[in-house]
Structure formats: C-alpha cells, structure tokens
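Colleague: this is the structure alone, sequence omitted:
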C-alpha cells in the first residue's frame with residue numbers, strides 16, 4: 001500500500017484564524033488538514049475517527065470540530081460526511097498543472113455533494129496559470145459524475161422493480 005504524505009506548512013500556525021482557536025481546536029484543525037484528507041481538500045470525513053486519532057472524547061472533538069468549521073470557514077456536508085477546506089491550495093499548491101490534474105483525480109473518491117460546486121468555483125489560492133487545467137478537469141469530472149449518478153439511479157430503479165416483482169410472486 002502506498003504511503004500517504006501530508007506536509008504542514010509553517011504558515012498554518014500563524015494564520016489569523018488558527019490563532020483564534022484553543023489548543024484542542026488547533027489539534028482538530030490540524031487533523032482536518034492531515035488526518036483523512038486527500039490531495040484536493042474535498043473528501044469524506046469521519047468525526048468519530050478524528051476523535052479516536054486525536055485521543056479526544058467524541059464530545060470534545062465534535063464541539064471543537066464545529067468551532068473549527070466556523071472559524072476556518074470549512075464546508076461540511078453532514079448528510080454525506082464530506083469536508084471541504086477552502087484554503088487547501090494555499091498550503092498545498094501543486095507543482096505544475098499536470099500535478100494538479102493528477103490530484104483532481106481524487107474527485108472520484110468523493111461522494112456526490114453540493115460542496116462540489118463551491119469547490120469548483122474556488123480558484124483563490126491557485127496560480128492563475130493553473131485555472132484552465134482546474135476548470136477543464138473539474139468540468140469533465142462533473143459531467144462524468146452526472147452520468148454515473150444516472151447509471152446508479154437506473155440500477156436502483158431496476159433493483160426496486162425486481163424486488164417488487166419478487167414480493168408479488
């Protein structure tokens with residue numbers, strides 16, 4: 001299994017928003033950026049796993065996670081358990097457009113979420129020369145996502161029809 005690597009940019013500790021967090025909240029924030037993250041800052045996230053990894057009680061982690069989301073303005077889709085870090089590219093700028101394109105392959109592991117539209121509109125911390133690659137790659141993914149969702153819905157409908165037929169027999 002390939003080892004995942006996440007760097008911690010020293011600027012993280014002096015970020016004006018991070019400075020507003022208490023010690024346990026800083027630990028939670030650092031975990032959000034490193035613990036379960038992928039290469040794009042939009043990923044499936046388990047607060048329970050975060051509590052276990054940081055050795056904080058579930059209640060303490062949940063309370064801190066809420067404050068971290070508010071202060072750092074993180075996106076959170078609770079229903080799908082997807083976390084979005086809008087400043088991801090500030091601390092994790094890809095080396096070039098080809099690396100960016102490879103990183104965006106992580107979108108395939110993200111559950112369908114409304115946060116994708118927020119993610120796809122946020123070019124704030126990406127170099128301007130990366131914008132065309134970002135837009136084209138995300139657009140291609142979104143089209144494929146729609147097609148995959150249509151296929152999944154069709155499969156679910158077929159399964160439901162089969163179940164109904166079996167129940168009628």
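Modeller: Noted; the coordinates are in hand. If you're wondering where the values come from, they're calculated on a predicted model, not measured in any experiment.
Colleague: quick one: contacts for residue 50?
Modeller: 28, 31-32, 35-36, 61, 65 (CB atoms under 8 Å, 6 or more residues apart in numbering). Heads up, the C-betas are built off the backbone N, CA and C, glycines and all.
Colleague: distance from the chain centre to the helix or strand it falls within, please.
Modeller: Assigned by DSSP states H and E, residue 50 falls within helix 47-54. In this view, helix 47-54 has its centroid 16 Å away from the chain centroid, taken as CA atoms, centre = their mean, to the nearest Å.
Colleague: buried residues in it?
Modeller: 47, 50-51, 54 (16 or more other CB atoms under 10 Å).
Colleague: turn these into CSV, columns for pLDDT and distance to residue 92.
Modeller: Shown next, in CSV, are those (pLDDT from 0 to 100; distance: CB to CB, whole Å):
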residue, pLDDT, distance to residue 92
47, 98, 22
50, 98, 19
51, 98, 24
54, 97, 21
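Colleague: which residues touch the residue nearest the centre of the chain?
Modeller: By CA atoms, centre = their mean, the chain has its centre lying nearest to residue 42, at 1.8 Å. Residues near residue 42 by CB under 8 Å, 6+ apart: 75, 82-85, 88, 106-107, 110, 115-116, 119.
Colleague: can you give me the helices in the chain?
Modeller: For the chain, applying DSSP state H gives helices covering 11-14, 23-34, 47-54, 58-72, 88-91, 97-103, 115-121, 131-168.
Colleague: figure out which of those is closest to residue 5.
Modeller: Evaluated over the helices of the chain, closeness to residue 5 peaks at helix 23-34, with 9.7 Å, by CB to CB.
Colleague: can you pull out the residues in contact with that closest one?
Modeller: In contact with helix 23-34 (CB under 8 Å, 6+ apart) are residues 6, 8, 12, 18, 21, 45, 50, 53-54, 56, 60-61, 64-65, 67-68, 71-72, 74, 83, 85, 88, 91.
Colleague: mind running it again at 7 Å?
Modeller: Under the criterion CB atoms under 7 Å, 6 or more residues apart in numbering, residues 6, 8, 18, 21, 50, 53-54, 56, 60-61, 64-65, 67-68, 72, 74, 83, 85 lie in contact with helix 23-34.
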